[in-house]
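In: What follows is a predicted structure for the sequence shown.
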Amino acid sequence: MILARCRRSTFLINLIRPQAAFRFASSASSASEPADTIFALSSGQGRCGVAVVRVSGPAAARALRSVTGLSCGPPAPRTALLRSIVHPHSKEVLDRGLVLWFPGPHSFTGEDIAEFHIHGGPAVVSGVLQALGSLPGLRPAEAGEFTRRAFHAGKLDLTEVEGLGDLIHAETEAQRRQALRQMAGDLGRLYNDWSQRLKQGLAHVEAFIDFSEGDLIEDGVLNQVDIAVSQLQMEIVKHLCDERRGERLRTGVQVVIAGSTNAGKSSLFNILCQRPAAIVSHIAGTTRDVVETTLDIGGFPVLLSDTAGLRDTGDCVEQEGVRRARQMVELADLTLVLVDSTQLPQELQMVSAFLSRYLKNVLPVTKDHEQHCVLILNKSDLLPKEHINSIQTVLTQTTDMAPVSILSCHSREGLDDFLTLLQKRLKTLCGDPLAGSPSLTQTRHRAHLQKCVDALNQYHQYRDIDLALAAEGLRLGLSSLGRITGKVGAEEILDVIFRDFCIGK
């Protein structure tokens with residue numbers, strides 16, 4: 001610990017030393033508030049019952065008065081008022097709807113905001129947007145500009161901005177839960193906590209460098225920093241070793257159906273799609289290319305791929321299909337390996353060995369069969385029930401075997417058990433977005449966290465050699481964490497983040 005006499009000096013270090021001072025990007029940007037006022041349709045495009053047009057900026061109040069005829073100023077904050085919407089020049093009535101007023105800084109963007117809740121017909125929306133565009137000082141918003149202004153006003157950090165973007169694009173329940181948690185600030189709070197701990201350690205090291213000769217620093221200060229940095233490093237490494245669960249949930253689980261020809265791959269693909277998406281034929285080698293579709297299975301996003309049957313062939317077109325199939329299996333998060341049950345050995349003691357060889361032929365050596373594969377024995381309707389039960393008993397007693405599901409794509413028998421198993425595998429791959437600490441969701445986060453770990457390694461490397469270089473490692477780590485939340489060096493990544501937002505958000 002630093003003595004009370006030294007605490008004031010430690011505080012001054014953060015103010016005096018330029019290399020240890022970290023500037024909030026939002027604060028710097030909010031100092032020069034945009035002079036223009038923006039407007040856009042904030043609800044979805046197309047015909048709908050109600051459309052929301054949003055106006056944000058210093059001229060929002062004037063725009064509200066101009067198109068509603070309110071002479072006594074804006075309505076009460078956050079109170080809906082029914083008014084006729086008129087063109088400011090021709091005075092033609094465009095629609096009749098609700099208007100709301102959100103004065104800054106207590107608004108989404110931190111600026112004055114006016115909202116018009118109008119009927120969602122294309123002609124009505126177009127008329128209101130044209131009316132707003134005719135007012136001086138107003139211009140159409142760019143993609144993500146409302147959210148960008150919220151970030152600059154300090155309403156959201158970058159992780160919350162990304163959570164909002166993910167929430168807008170969420171297509172499944174699990175994606176919604178993860179995005180909502182991130183938008184609520186859980187991930188940002190985790191990274192901010194790490195930043196504060198690292199900042200404290202850096203302050204102690206800086207104080208030791210500047211004041212240790214004056215006996216103002218207690219013995220053991222650097223040892224305490226060593227412990228704190230090691231603990232923080234362990235937490236970040238553990239956060240990184242999540243098998244990409246959060247990223248996989250955000251972008252979708254790559255599930256590939258693979259196996260030999262005529263095993264029923266396309267039939268299973270059509271069952272999962274609930275439509276005839278792939279051609280099904282008794283002729284071997286019907287599927288020549290990869291057929292893909294996106295699905296929601298148990299609340300988890302899935303990119304499902306049907307592939308060509310794996311076999312040796314002299315047909316150059318089918319050879320390319322087989323090459324692509326193997327490539328897809330290499331990239332898959334989960335492979336559904338289909339086996340024709342009628343091709344299994346009649347001797348039960350040979351079934352396990354046959355399936356092991358089959359899996360080795362389908363899956364790459366680097367794949368963990370138990371984690372990244374589900375073995376499906378199809379066409380069970382063509383075998384006696386007693387034989388199927390015996391096979392199931394043998395496989396249950398076999399160790400080091402991938403999870404097995406026995407079904408018939410023709411009769412649908414065993415399909416419910418397979419879907420239950422599939423959902424369990426998807427939950428394992430994606431995790432529970434509401435359980436434990438928040439998941440890492442962006443490749444950008446992973447890159448900066450890895451740089452932070454490398455910087456902390458620099459601290460340990462130079463700790464007993466050159467304390468100034470060791471402190472520089474802590475600064476670099478703190479800078480990397482700050483780039484995730486937007487608290488340092490955010491400008492160069494803002495365009496990348498906000499460009500994926502729709503107009504009006």
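Out: Structure's in. What do you need?

In: hey, where'd the strands end up in the stretch 101-250 of the chain?
Out: For the stretch 101-250 of the chain, the strands defined by DSSP state E, counting those that start in this stretch cover 113-119, 138-140.

In: quick one, what contacts the nearest residue to Ala284 once chain neighbours are set aside?
Out: Leaving aside its sequence neighbours, Ala284 sits nearest to Thr261 (CB to CB, 6 or more residues apart in numbering; 4.0 Å). Where C-beta positions appear, they are placed from N, C-alpha and C, glycine not excepted. Residues in contact with Thr261 (CB atoms under 8 Å, 6 or more residues apart in numbering) are Ala284, Gly285, Gly309, Leu310, Arg311.

In: that older thread, just the strands of the stretch 101-250 of the chain: most buried one?
Out: Compared across the strands of the stretch 101-250 of the chain, strand 113-119 shows the largest average neighbour count, a mean of 23 (mean count of other CB atoms under 10 Å).

In: That strand pairs with which strands?
Out: strand 50-56 (antiparallel), strand 93-102 (antiparallel) (DSSP bridges).

In: Hmm, Arg62 and Leu70 touching each other?
Out: No - counting by CB atoms under 8 Å, Leu70 stays clear of Arg62, with 10.6 Å between them.

In: More neighbours: which of the two?
Out: Using other CB atoms under 10 Å as the criterion, Leu70 and Arg62 rank with Arg62 on top: 20 against 16.

In: Report the inter-axis angle for the host helix or strand of that one versus strand 93-102.
Out: Arg62 belongs to helix 60-68 when assigned by DSSP states H and E. Angle of helix 60-68 versus strand 93-102, following axes from the mean of the first three to the mean of the last three CA atoms, to 10 degrees, is 150 degrees.

In: now for the next helix or strand along the chain from helix 60-68, which elements pack on it?
Out: Next along the chain after helix 60-68, taking DSSP H and E as the criterion, comes strand 81-86. On a contact count with 3 or more CB pairs under 8 Å, 6 or more residues apart in numbering; DSSP states H and E, strand 81-86 meets helix 60-68, strand 93-102, helix 122-133.

In: so which of those is the most packed in?
Out: helix 60-68 (a mean of 21).

In: counting contacts, what elements does that one pack onto?
Out: Taking 3+ CB pairs under 8 Å, 6+ apart as the contact cut, helix 60-68 packs with strand 37-41, strand 81-86, strand 93-102, strand 113-119, helix 122-133.

In: quick one: which of those is nearest Leu156?
Out: Proximity to Leu156 (CB to CB) singles out strand 113-119 among these, at 15.0 Å.

In: May I see the buried residues of stretch 72-87?
Out: Pro74, Pro75, Arg83, Ile85, Val86, His87 (16 or more other CB atoms under 10 Å).

In: just to revisit the earlier point, between the helices and strands packed on helix 60-68, which one is nearest to Ala184?
Out: That would be strand 93-102 among the helices and strands packed on helix 60-68, by CB to CB, at 20.4 Å.

In: and the next element down the chain from the helix or strand where Gln254 lies?
Out: Using DSSP H and E, Gln254 maps to strand 253-259. For strand 253-259, the succeeding helix or strand toward the C-terminus, using DSSP H and E, is helix 265-273.

In: After that next one, which helix or strand is next?
Out: strand 291-297.

In: where does the protein have its least confident helix or strand?
Out: helix 4-16 (a mean of 34; mean pLDDT, DSSP states H and E).

In: so where's the stretch 151-300 of the chain uncertain?
Out: Scanning the stretch 151-300 of the chain for pLDDT under 70 picks out 211-219.

In: at 90 instead, please
Out: 196, 199-224, 242-243, 277-289 (pLDDT under 90).

In: ok, Ser352 - how many residues close by?
Out: Close neighbours of Ser352, defined as other CB under 10 Å, add up to 18.

In: Remind me what the lengthiest helix in the chain packs against, helices and strands.
Out: Counting residues, the longest helix in the chain under DSSP state H turns out to be helix 186-211. For helix 186-211, the packing partners by 3+ CB pairs under 8 Å, 6+ apart come out as helix 4-16, helix 158-169, helix 221-240, helix 467-485.

In: To His117, which of the ones you listed lies closest?
Out: Nearest to His117 among the helices and strands packed on helix 186-211 is helix 158-169; the distance by CB to CB comes to 19.1 Å.

In: As PDB, could you dump the C-alpha coordinates of that closest one?
Out: Taking Å, rounded to 0.1, in the frame of the first residue of the first chain, the C-alpha atoms of helix 158-169 are listed here in PDB:
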ATOM      1  CA  LEU A 158     -18.600   0.700 -27.500                       C
ATOM      2  CA  THR A 159     -19.500  -2.700 -26.000                       C
ATOM      3  CA  GLU A 160     -23.100  -1.400 -25.300                       C
ATOM      4  CA  VAL A 161     -23.200   0.000 -28.900                       C
ATOM      5  CA  GLU A 162     -22.200  -3.400 -30.300                       C
ATOM      6  CA  GLY A 163     -24.800  -5.000 -28.000                       C
ATOM      7  CA  LEU A 164     -27.500  -2.700 -29.400                       C
ATOM      8  CA  GLY A 165     -26.500  -3.600 -32.900                       C
ATOM      9  CA  ASP A 166     -26.600  -7.300 -32.100                       C
ATOM     10  CA  LEU A 167     -30.000  -6.900 -30.500                       C
ATOM     11  CA  ILE A 168     -31.300  -5.200 -33.700                       C
ATOM     12  CA  HIS A 169     -30.000  -8.100 -35.800                       C
END
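
In: Check which residues of it are buried.
Out: In helix 158-169, counting by 16+ other CB under 10 Å, buried: Leu158, Thr159, Glu160, Val161, Glu162, Gly163, Leu164, Gly165, Asp166, Leu167.

In: can you check stretch 281-299 too?
Out: Quick answer for stretch 281-299 (16+ other CB under 10 Å): Gly285, Thr286, Thr287, Arg288, Val291, Thr293, Leu295, Ile297, Gly298, Gly299.
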